[in-house]
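1. Quick one, fold the following:
(one chain, ligands or ions: 1)
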Amino acid sequence: MKCKICNHELISEPVLEIKNPDRFEAFIGADETSFKRTWHKCSSCSVFQAVHYEGMDEKLAQISDKYYSIDFGDLASGDRFNRILKIPNQRSDNYYRVKRVANFYRNWIQQFKKSSTPSILDIGGGLGVFLYKYLKVNPDFTGVMIEPDRQSTVHIDHSFPFEFHNQLFSGQKEYQRSFDIVTLNKVVEHIEKPHKLLSDVQKVLNDKHGLLYIEIPDEMNVYYKPSSDNSLGSLHHHLYNHLSLNYLLDSTGYTVLRIERIFEASGKISMYAFAISKNAEKQWLTH
Ligand SMILES: [Zn+2]
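-> Numbers count the residues shown, from 1 in each chain. Prediction:
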């Protein structure tokens with residue numbers, strides 16, 4: 001079995017074998033008696049990769065437009081948005097995420113002569129809670145959100161403080177606006193081969209100081225969470241550590257500024273990184 005991040009061999013002995021289908025696998029009729037899904041460590045880049053059996057990965061891809069309804073039934077996206085917005089700060093992952101991104105940016109940008117309005121693009125923004133909160137706390141920014149899932153974005157209308165597009169991001173011309181920050185919050189683990197997405201992001205980042213913020217599930221979930229935990233669920237292709245996240249970013253044209261492991265307010269174990277393009281690195285270190 002090949003690693004989809006670095007193309008080397010996965011270690012055949014799994015780090016975890018899951019014997020019960022999750023809600024998505026149950027939805028497509030996984031047989032409970034013979035079911036298994038395994039997680040394997042890559043022998044080279046050290047990423048953890050999920051291995052599916054009996055064509056389950058293809059069946060899961062076919063129901064990708066039903067994920068929201070499998071999870072939340074008829075619950076309107078606006079009700080979910082309001083529910084998450086009401087979570088008190090000390091229990092809110094978004095509260096800390098907003099602080100983390102804004103604080104890093106404020107420190108970072110001091111080194112550059114930046115006078116125009118700062119801008120942030122959130123790719124795969126889901127319900128829009130992160131960007132909504134970010135712009136409330138940082139009203140000097142303009143924001144754009146892209147999310148392909150219609151059902152999770154029904155409530156986003158013109159009263160929202162950001163521009164919204166219901167589509168998949170592929171580095172389209174209309175987004176090539178030299179963004180100061182691009183965020184990928186719990187997006188990359190959903191993509192089997194995230195290399196193209198990450199190189200497409202470079203087309204829309206400011207080429208002198210544009211920051212990528214990426215946040216993904218940590219490999220530690222394998223050791224510290226029950227095998228039914230969302231982080232280990234069927235929609236996630238990879239789990240990362242410092243080495244594998246650095247490898248992924250480096251191999252797609254980025255220079256990592258910071259990587260950190262976090263235990264989030266909700267109990268999630270995650271990794272995040274701030275990175276700049278290699279082109280920006282040269283300008284930064286020689287200006
Ligand atoms: Zn690998």
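
2. Could you point out the longest helix of the chain?
-> helix 93-109 (DSSP state H).

3. Phi, psi for the spatially closest residue to residue 42 that is not a sequence neighbour please.
-> Excluding its sequence neighbours, the residue lying closest to residue 42 (C-beta to C-beta, 6 or more residues apart in numbering) is residue 3, at 4.0 Å. For glycine as for every other residue, the C-beta is placed from the backbone atoms N, C-alpha and C. When quoted as degrees, to the nearest 10, the phi and psi of residue 3 stand at phi -80, psi 130.

4. Mind listing what's buried along stretch 87-101?
-> 92, 93, 94, 95, 96, 97, 98, 100, 101 (16 or more other C-beta atoms under 10 Å).

5. and what of stretch 49-56?
-> Neighbour-count burial for stretch 49-56 [16+ other C-beta under 10 Å]: 49, 50, 51, 52, 56.

6. Which ones among the residues you listed lie within helices?
-> Counting by DSSP H, those contribute residue 56 to helices.

7. Can you redo the buried residues of stretch 49-56 as CSV, where the extra columns are distance to residue 115?
-> As requested, these are exported to CSV (distance: C-beta to C-beta, whole Å):
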residue, distance to residue 115
49, 44
50, 46
51, 51
52, 50
56, 52
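
8. quick check, nearest of the buried residues of stretch 49-56 to the ion?
-> Sorting the buried residues of stretch 49-56 by distance to the ion puts residue 49 at the head of the list, at 7.5 Å, by C-beta to the ion.

9. so what's that closest one up against?
-> 1, 3, 4, 5, 10, 39, 40, 42, 237, 238 (C-beta atoms under 8 Å, 6 or more residues apart in numbering).

10. rerun at 10 Å
-> Shown in contact with residue 49 (C-beta atoms under 10 Å, 6 or more residues apart in numbering): 1-5, 10, 15, 38-42, 192, 236-239, 244.

11. What of residue 86?
-> Taking C-beta under 10 Å, 6+ apart, one finds residue 92 in contact with residue 86.

12. let's go with 8 Å and repeat that
-> Residue 86 makes no contacts at all, as judged by C-beta under 8 Å, 6+ apart.
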